[in-house]
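> how would this look folded up:
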Amino acid sequence: MNLFASIVAAWAVRASAFVAGPQCKRAVVSSSTEQSMGLFDFFSEDARKEREARKQAEIEEQERLQREIIARRSNPKKMEEYEAKVRVRRALRMSGNDEAAEAIDVYTGDDEKIVGLN
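All right, here's what the predicted structure looks like:
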């Protein structure tokens, strides 16, 4: 009988390991700093604002490049400059000098003001 009681007691101790709940009482510590949780940060307010800012910056850059293309097409002098740069860049690529071809800036970076688009 003594053996049976010790087996039941040992089983009860092991079974309590699988019970949800605190085994010992600990003080709950709260932190005022937030940790980055990876995938779930996608849904945070700061991440949403950052995505919107990046998207808006990309849209503005594309609009600036589009205005430059439209201005170039309406100005024969700018179109000749563009075509000369493209010829040089293509010649460099064909000769295998890709790094020099990448260094040629086809777009001037000037923000063109076009009536009706700005």
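> mind listing what's buried in the helix or strand where E61 lies?
Following DSSP states H and E, one finds E61 within helix 45-74. If you call a residue buried by 16 or more other C-beta atoms under 10 Å, then helix 45-74 has these buried ones: R67, E68, A71, R72. Where C-beta positions appear, they are placed from N, C-alpha and C, glycine not excepted.
> Quick check: next helix or strand after that helix?
Next in line after helix 45-74, if elements are assigned by DSSP H and E, sits helix 76-94.
> May I have the next helix or strand after that following helix as PDB, with CA atoms only?
Once the chain leaves helix 76-94, the next helix or strand it forms, by DSSP H and E, is helix 98-103. Provided in PDB are the C-alpha atoms of helix 98-103 (Å, rounded to 0.1, in the frame of the first residue of the first chain):
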ATOM      1  CA  ASP A  98      29.200  48.700 -68.000                       C
ATOM      2  CA  GLU A  99      30.600  50.700 -65.000                       C
ATOM      3  CA  ALA A 100      31.300  53.800 -67.200                       C
ATOM      4  CA  ALA A 101      27.900  53.300 -68.900                       C
ATOM      5  CA  GLU A 102      26.200  53.400 -65.400                       C
ATOM      6  CA  ALA A 103      28.000  56.600 -64.600                       C
END
